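Engineer: Coordinates for the following, if possible.
(2 chains)
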Amino acid sequence: SQQGEEDPQALSIQEGENATMNCSYKTSINNLQWYRQNSGRGLVHLILIRSNEREKHSGRLRVTLDTSKKSSSLLITASRAADTASYFCATVGPRRALTFGSGTRLQVQP
Amino acid sequence: DTAVSQTPKYLVTQMGNDKSIKCEQNLGHDTMYWYKQDSKKFLKIMFSYNNKELIINETVPNRFSPKSPDKAHLNLHINSLELGDSAVYFCASSQVGGGALGEQFFGPGTRLTVL
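Structural biologist: Numbers count the residues shown, from 1 in each chain, chains lettered A, B, ... in the order given. As a prediction, this is how the structure comes out:
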């Protein structure tokens, strides 16, 4: 199965700054999703963008999707220490299972 | 609270033992999954059940046997545990029927350590 790549692998910023994470995938998709994983916890769904959408917003999150480049980005604006977590993109395969990217570890310094 | 729950949260055992991990969801979802997260945080699908029927079995050794007694439960039994089975195992659920696009809800994970 395909595996997406995320870039950067790790990101450290100061509170109030914006954080941008990128994701690439290999096959055609119905939608792309972003999940957050706090240390030692399960994954939490953040946002879903359909293949016919180019941009989507949810609170401080902004997701873009470029299907021609098979890539997506997640922007977190005005970051907070509580945003410290690992962020994963995931695509939905033909049988509804998620295929995850390698993840970006975000550290927001207070 | 509505949620996906897993037990146990931590499992430490010796090589060669047999162990089970239980998962329950009270979200009314019709599809449940098991994922494995390795030490590098890479997540991979293992199994998927839809209405108690096995949908996905992703090249997992047959020492791993999922069991779904009903739509709300998906248990994972592992025979003859090996060192390489050490990982965090996540259960998840989603509602696939009705055109849902696949948002999944995850349990807190079970950290399995094989000594």
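Engineer: Which strands border the helix or strand bottoming out on mean pLDDT in chain B, and is each parallel or antiparallel?
Structural biologist: None of the helices or strands of chain B scores lower by mean pLDDT, DSSP states H and E than strand B:53-57, at a mean of 81. The strands beside strand B:53-57 in its sheet (DSSP bridges) come out as strand B:43-50 (antiparallel).
Engineer: contact partners of the partner strand?
Structural biologist: Strand B:43-50 has contacts (C-beta atoms under 8 Å, 6 or more residues apart in numbering or on different chains) with A:1, A:43, A:88, A:95-100, B:30-38, B:54-58, B:60, B:64, B:66, B:68, B:74, B:76, B:89-90, B:96. For glycine as for every other residue, the C-beta is placed from the backbone atoms N, C-alpha and C.
Engineer: what do you get if the cut-off is 7 Å, keeping everything else the same?
Structural biologist: A:88, A:95-98, A:100, B:30-37, B:54-58, B:60, B:64, B:66, B:68, B:74, B:96 (C-beta atoms under 7 Å, 6 or more residues apart in numbering or on different chains).
Engineer: Pull out the buried residues from those.
Structural biologist: A:88, A:96-98, A:100, B:30-37, B:55-56, B:60, B:64, B:66, B:68, B:74, B:96 (16 or more other C-beta atoms under 10 Å in any protein chain shown).
Engineer: Show me the contact partners of the helix or strand just after the least confident helix or strand of chain B.
Structural biologist: Using DSSP states H and E, the helix or strand that follows strand B:53-57 in sequence is strand B:64-70. Contacts to strand B:64-70, defined as C-beta under 7 Å, 6+ apart, come from residues B:32, B:34, B:46, B:47, B:49, B:52, B:74, B:75, B:76, B:77, B:78.
Engineer: Also stretch A:36-53?
Structural biologist: Contacts for stretch A:36-53 (C-beta under 7 Å, 6+ apart): A:29-35, A:56, A:58, A:61, A:63, A:65, A:67, A:72, A:85-88, B:90, B:101, B:103-104, B:106-109.
Engineer: now it: mean pLDDT?
Structural biologist: In this model, stretch A:36-53 has a mean pLDDT of 93.
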